[in-house]
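Colleague: have a look; sequence and predicted model below, questions after that.
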Amino acid sequence: MTETKSTCPYCGVGCGVIIESQGAQITGVRGDPTHPANFGRLCTKGSTLHLTAASPVTLQTRLLHPLHRTRRGEAALPLTWDAALGMAASRFADTIEQHGPDAVGFYVSGQLLTEDYYVFNKLAKGLVGTNNIDTNSRLCMSSAVAGYKATLGADAPPACYDDVKHAQCLFFVGSNAAWAHPILFRRIEDARAANPAMKVIVADPRRTDTAGMADLFLPIQPGSDVMLFNGMLHLMLREGWVDAAYIGAHTSGFDALKALVADCTPERVSAVCGIPEADLATAAQWFATSRATLSLYCQGLNQSTSGTAKNAALINLHLATAQIGKPGAGPFSLTGQPNAMGGREVGGLANLLSAHRDLANPAHRAEVAALWGVADVPARPGKTAVEMFQAAADGEIRALWIACTNPAQSMPDQATVRRALERAEFVVVQEAFATTATAQYADLLLPATTWGEKIGTVTNSERRISRVRSAVPAPGQTRHDWAIGVQFAHQLEARLRPGAPSLFPYATDDADAGAEAVWNEHRETTRGRDLDITGLSWALLEANGPQQWPLPEGAASGKVRLYEDGIYPTPDGRARFAAHAWQPVAEPRESRYPFGLTTGRLRDQWHGMSRTGTLGRLFGHVAEPSVQMHPDDMAQRKLQNGDLVHLTSKRGSIVVPVQADTNIGLSQAFMAMHWGSEYLSGQSSTGERLSGVNALTTSAYCPTSKQPELKHAAVKILKAEMPWTLLALAWLPADSALAVRTALSELMQAFPFASCVPFSNNAPLSEPGRERTGVLLRAAAHEAPPDALIERVEALLGLAGSDTLRYADRKRGQRRAARLARRADGASTLEAIVLAGDTSAQGWIKTLLQEELPAQTYGRLLLVPSAKAPVAVQSRGKTVCTCFNVTDLAITGRLAQCHGTDEDRLAQLQGALRCGTNCGSCLPELKRMVRATGPLAPKAATIAIAAI
């Protein structure tokens, strides 16, 4: 067995991992105990990385050789790399020559490595001559970038992870770190345990698992953050809690801000934000008077039409109270992706240049042109993400290159995005997975390496650069993303710069040497800049491990935290207060659309689920798509858990089940961001295909950061009357699981509502050979569909043979089919079943199949349409701990036998069931369950396990 150090490809915490491999096979993964980001810990996603890399289903999803579609909608056919790159170069060169360089666009990803990012940035701005290169980091971090630059002078998070143990007050706002950054949250739990006097404030429209830690929870109205921050500053001024000496010595612009917040009285803030005045005062006092206050924030601030204003208004509080530049204090933006920071460092956005230079600055453009050896860098601003796809939809951009991202799932206003992909004359998709929604629109598919195969560097939220190393060879004909960019550039240079020296002198036949050469060039661009890393090298990273920037030439180590001397990277060395008045959300609730829809992450899933979605066990915590509402709102509309609803905004409508959740505010709704057309689909009455949650979200964006308001859309929620329903579920052979799921997904379009998700028997992680894969299809319609459609579903699930039990009532539109299989111990279990027309038996049928309970006593009773099982079936409940497959029912049953304090009862629970003792991702939920069942809990307490 070989062990290789690398990093986790999920959130921006940047956890170190040790990959275990044998030959070309990744066999295991564990946290790297020496990595300063995680010290050996991994979350549920990270701890199952080896399963997503090596499972039979994942291997079936990989794109392993170049493919080309001669016509849209047809099957893609293999071709050689030379032919693929030649085709791409020819089509792009033709487009550039005929319509100009701005007729092409590049849309890349925060999951690329820094070397990948650098090459594509240079390719677009240096070779092609267009600034039309943007990234999905625009959807994630551009408001944080703009906020830092507007106030502190540079896109440089001033704090570090170690600050959580020095903080006396933590202020979470717009961040459910318990789910989105779980390993950092483990460190916060440790810090809180070591310092019980620490105060924790959480501001969020939803009572998330992060809020479970709060001493003060502020359930603010969506989009009211700027008013909250300005109101806090109003009170700080009134009570004398600001640091006048720091303001005078190290800042500018305070008078304008002081005048602005004069109108942000407690009464007005209470009315806008929906919180008590007393809670506002407590938050202001704790923030200002604590020895050290650390703010932790993420997409709740960033994904907003006021995103820059929200970030800047929060930073204003730190500057006004001198809560910055010291241990435990500062505004700490948590990065959403593993290398969104690296992309920002190389200028991989339409408005940036290398090393935090600004495209709008002529001197910066000249510096980069000289570094690259080109005459100039174009001055015309490039199209940002939303603008790029709108331009493609309008015919302005004719050729698109999309790398390592899935805009047909993740971008807002999917109708426009898909129209753009359809109208573009040539679409290249550079991907590791062939199953993404975007891949279906590609004219040319180029296979890229992915986690465990890649070589390069990434930078995490605390400015720490880590090496990424390959544990196994690149499979099939896959190539590294930077190498694909370089090889494409070489062919394009023959058309655009014939006879000139190449701008890309990197060896693609030696991956390590080539990637290091790219990185060395990037390093040189940072000389003298705020992120200077000229004192760093790959050799130093190998010898000393991950390092923080800045680390200029001659420095012994990087800087742990910034601005300790009160000097900022602005012309006068002073930080700048930014006076922003509160603005409402882009789409306020109104009579036709009376609900505010918020989107966010699930604990065990990642982005569009192209990787995590291959692993059924990661669906155990939240098994299927749904929208959450407050129970009172549901009761008012006579909705029950599981009812189908039309969820409709001004851009589109989807059908989805509804679930009650007391953690959601009144007149609000929540749906996880991950559910795209790969898992949730259907067809409207006009025949339009519905495409997941982002069919609803708005493309309205912050005027400064251009980041869209994915966090809020005005919607209406109406009950969907679809009396005919279908439930189909089955265990699948590992070697055909993907093919079956793909075929079922294609059938989803035949129904007004359909969802298709995998599931698993959740075998212990230590016994991967016992893991089984299943699929669950739900559908609903106004009337029974043709028999042929249901027969097709049955055939895909292995229910076409003579061993299938059947029942059919054509008059009532009902069909049922089931198949049993005999286990090695002689017991028979349910292997596959389809309930069509009447799914009232779904509760016990699902339990019987998914928990592999003995079913031989049922016989044809399996076909009885009854909500009550003919023989008692005891469900194990819903998974809470993914690592050890511990359910909510097991936890509540054990807690009834535990005694003492909440801490004692949690320890007894973990000692008995082991839940929360591996990755710890379920700890916030476990603690919530302990509190809800303890002696101090209300007698009517219920445990709400929501998809937060």
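Modeller: It's in.

Colleague: do a quick rundown of the strands in the stretch 251-400 of the chain.
Modeller: 251-252, 293-297, 330-333, 352-353, 357-358, 399-403 (DSSP state E, counting those that start in this stretch).

Colleague: among the ones you listed, which comes closest to Ser55?
Modeller: strand 399-403 (24.4 Å; Cβ to Cβ). Yep, even glycine has a C-beta here, placed from its N, CA and C like the rest.

Colleague: what's the neighbour count on Ala539?
Modeller: A total of 9 residues lie near Ala539 under the criterion other Cβ atoms under 10 Å.

Colleague: go on, Gly528?
Modeller: 10.

Colleague: re the thing from before, pipe the strands of the stretch 251-400 of the chain into CSV and attach mean neighbour count per row.
Modeller: Converted to CSV, the strands of the stretch 251-400 of the chain look like this (neighbours: other Cβ atoms under 10 Å):
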stretch, mean neighbour count
strand 251-252, 19
strand 293-297, 26
strand 330-333, 27
strand 352-353, 26
strand 357-358, 16
strand 399-403, 25
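
Colleague: can I get those in a markdown table with distance to Asn131 and mean pLDDT?
Modeller: Below are the strands of the stretch 251-400 of the chain laid out as a markdown table (distance: least, Cβ to Cβ, whole Å; pLDDT from 0 to 100):
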| stretch | distance to Asn131 | mean pLDDT |
| --- | --- | --- |
| strand 251-252 | 31 | 98 |
| strand 293-297 | 29 | 98 |
| strand 330-333 | 24 | 98 |
| strand 352-353 | 9 | 97 |
| strand 357-358 | 12 | 98 |
| strand 399-403 | 14 | 98 |
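
Colleague: to Asn339, which of these lies closest?
Modeller: strand 399-403 (12.8 Å).

Colleague: packing partners of the closest one?
Modeller: Applying 3 or more Cβ pairs under 8 Å, 6 or more residues apart in numbering; DSSP states H and E, one finds that strand 399-403 contacts helix 81-99, strand 104-108, strand 426-431.

Colleague: between the ones you listed, which one is nearest to Ala817?
Modeller: That would be strand 426-431 among those, by Cβ to Cβ, at 36.6 Å.

Colleague: now that closest one against strand 399-403, angle please.
Modeller: Put simply, strand 426-431 runs at 0 degrees to strand 399-403, going by axes from the mean of the first three to the mean of the last three Cα atoms, to 10 degrees.

Colleague: the residue most distant from the middle of this structure, which is it?
Modeller: Most distant residue from the mean C-alpha position of the chain: Lys811, 46.1 Å away (Cα atoms, centre = their mean).

Colleague: contacts only, for the residue lying closest to Ser866 once chain neighbours are set aside.
Modeller: Using Cβ to Cβ, 6 or more residues apart in numbering and skipping residues adjacent in sequence, the residue nearest Ser866 is Ala841, 5.6 Å away. Applying Cβ atoms under 8 Å, 6 or more residues apart in numbering, we find Ala841 in contact with 835, 864-867, 869.

Colleague: can you list those residues in a markdown table and add pLDDT?
Modeller: A markdown table is the format used below for these (pLDDT from 0 to 100):
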| residue | pLDDT |
| --- | --- |
| Leu835 | 97 |
| Val864 | 86 |
| Pro865 | 87 |
| Ser866 | 87 |
| Ala867 | 88 |
| Ala869 | 89 |
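
Colleague: ok, so of those residues, who is nearest Ile790?
Modeller: For the contacts of Ala841, the minimum distance to Ile790 (Cβ to Cβ) is 10.3 Å, reached by Leu835.

Colleague: show me the contacts for the closest one.
Modeller: By Cβ under 8 Å, 6+ apart, the contact set of Leu835 is 726-728, 816, 841-842, 845, 865.

Colleague: only whichever of the residues you listed are buried, select them in ChimeraX.
Modeller: Provided next is the ChimeraX selection string for whichever of these are buried by 16 or more other Cβ atoms under 10 Å:
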select :726,727,728,816,841,842,845
